[in-house]
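A.B. asks: Pasted the sequence and its predicted model underneath.
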Amino acid sequence: MASDNKMNLVILGLLDHEDLTGYDIKKRIDGSLCYFWKGSFGSIYPALSSLEENGLIKKVKGKSSSTGREKIVYKITAAGRKNLLAWLSESKSSNSLKYETLLKLYFGGVADNEVSIATITEFEKAVEADLAVLKTYKDNLSKVLDERDHVFFYLTVTFGIETYEAYLRWCGYARKILSGKKIVRSKR
């Protein structure tokens, strides 16, 4: 049975691709996965401890850092790969999203429309920046689709591009609605 702790599964997936330090795991999450998954050091290191304790990963000798300290590098075990494969084989997935922008918009009737328009504009700027990065990833990955892992990275990136382009269309639509309407707030 696969683990219910998704951070464990993120780590197993990353370690199945390559051996990594805790810091490297954080960099991979922040660099490639951040468009659909977040992780902090506060969640990564307890997960590493749990995974090691359960025999799903093990420590291997790492190269010394510039300070002379040996790095702690983690490697997935056969049991860890079995756990990862069990999770991947489950066809049902939990896909919950949390957007503070939408939460603010949901309660936007409390403030003037300009407040919500400003929130939408900030969201739009962030989406445009992320979309540019995703398009660069897509261009780079399209050149290495003969490597199996890259096909799956590519599919994830193209999903992100389609989603972010839809977000941008929605931003324009929402701003148009809020700009053209004079909505009177109810008195309480």
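C.D. replies: Received the coordinates, thanks.
A.B. asks: which helix in this structure runs the most residues?
C.D. replies: If you go by DSSP state H, the chain has its longest helix at helix 148-179.
A.B. asks: For this structure, which segments are assigned as helices?
C.D. replies: Using DSSP H, helices in the chain cover 6-17, 22-28, 41-53, 78-89, 100-106, 113-141, 148-179.
A.B. asks: before we move on, back to that, taking helix 6-17 as reference, get the angle to the longest helix of the chain.
C.D. replies: Orientation check (axes from the mean of the first three to the mean of the last three C-alpha atoms, to 10 degrees): helix 148-179 against helix 6-17 gives 140 degrees.
A.B. asks: Can you list the buried residues in helix 148-179?
C.D. replies: 150, 153-154, 156-158, 160-161, 164, 167, 171, 174-175, 178 (16 or more other C-beta atoms under 10 Å). The way it works is simple: take the backbone N, C-alpha and C, and place the C-beta from them, glycine included.
A.B. asks: Residue 111: which of the residues you listed is nearest?
C.D. replies: residue 178 (11.0 Å; C-beta to C-beta).
A.B. asks: wait, that closest one sits on residue 111?
C.D. replies: No - at 11.0 Å, residue 178 does not count as touching residue 111 under the criterion of C-beta atoms under 8 Å.
A.B. asks: what about residue 16, distance to residue 123?
C.D. replies: In this structure, residue 16 and residue 123 are 34 Å apart, going by C-beta to C-beta, to the nearest Å.
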